[in-house]
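In: fold the following and give me the result.
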Amino acid sequence: MKRIIAVLGDYYHPKERIVDSLHHAVKFISELEDIDLVEIQLEQLCSELGKKPDAVILFKENRINPTDEKVDTWMTEEIGTAITEYVNQGGGWLGWHSGLASYPPDSNYIKLLKGHFEYHPELHQQVKYTSVDGNDSFGAVAFDILDEHYFVNVNEAETNIFLTSQSEDGHSVAGWSHSFGNGRVSCLTPAHNKEGLENGEFIKLLAKTIKWVCD
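Out: Next up is the predicted model:
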């Protein structure tokens, strides 16, 4: 039995869409092994890390109240250190979409991910996601969805780039993975809209990345 905990949803990303997508992905994995997926509240994260789950999925940006004049954030140095230690000791981590957003580039968390969100064009658009030629880490991937096109800054020399994105606004890295200490880290930039989160090819890719960080 693999135990996975998930922290999902923020101001711009309704939790219900994410939960549905995640459960569809877990069904694929469950055909091969038993999965115990538990959604937790942010306040439970540090205590749950101490229980050594097989993996953690984060789909939540750092900003708590992004539209207010004074914006608060939740990722303290203490939490960032706890996450880093958890992965270093053998845990798995998936930073998914807004789980890459608004975290300080020099923070322990972003050093763990080896990449972070920089910006996306104001309007949603058709984004083509494709696997990297010669990289079969998660199999051949090719799908188009209406999405926020995330442009990210990634330390490509220290991670494995397996997915790229392309739209009328340009190209970017869209998926990467690497070992960290005794653990594993993977990052995915899609998807924002209901259409993307329900896309069958994306869900298969999501399932493969979750399984990889659990192993």
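In: who are the packing partners of the longest strand belonging to the chain?
Out: Taking DSSP state E as the criterion, the chain has its longest strand at strand 170-180. Here strand 170-180 touches helix 77-88, strand 151-154, strand 160-167, strand 183-188, helix 200-214, going by 3 or more CB pairs under 8 Å, 6 or more residues apart in numbering; DSSP states H and E. Where you see a C-beta, it was placed from the backbone N, CA and C, and this is true even at glycine.
In: can I get those in JSON lines including distance to Q44, mean neighbour count and mean pLDDT?
Out: Converted to JSON lines, the helices and strands packed on strand 170-180 look like this (distance: least, CB to CB, whole Å; neighbours: other CB atoms under 10 Å; pLDDT from 0 to 100):
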{"stretch": "helix 77-88", "distance to Q44": "12", "mean neighbour count": "17", "mean pLDDT": "97"}
{"stretch": "strand 151-154", "distance to Q44": "28", "mean neighbour count": "19", "mean pLDDT": "98"}
{"stretch": "strand 160-167", "distance to Q44": "30", "mean neighbour count": "20", "mean pLDDT": "97"}
{"stretch": "strand 183-188", "distance to Q44": "20", "mean neighbour count": "24", "mean pLDDT": "98"}
{"stretch": "helix 200-214", "distance to Q44": "19", "mean neighbour count": "20", "mean pLDDT": "96"}
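In: and these: which comes nearest H97?
Out: Among those, strand 183-188 comes nearest to H97, with 6.8 Å by CB to CB.
In: pull out the buried residues from the helix or strand that the closest one is followed by.
Out: Next in sequence after strand 183-188, counting helices and strands by DSSP states H and E, comes helix 194-197. By neighbour count on 16 or more other CB atoms under 10 Å, the buried set for helix 194-197 is 196-197.
In: so what touches helix 194-197?
Out: Helix 194-197 is contacted from outside by 17-18, 20-21, 145-147, 190-191, 202, using CB atoms under 8 Å, 6 or more residues apart in numbering.
In: what's the answer for stretch 123-133, then?
Out: Applying CB under 8 Å, 6+ apart, the set of residues contacting stretch 123-133 from outside is 138-149, 161-169, 174, 190, 192-193, 202.
In: in that stretch, which residues are buried?
Out: Those would be 124, 127-129, 131-132, for stretch 123-133 by 16+ other CB under 10 Å.
In: ok, now stretch 23-30?
Out: Neighbour-count burial for stretch 23-30 flags 24-26, 28-29 (criterion: 16+ other CB under 10 Å).
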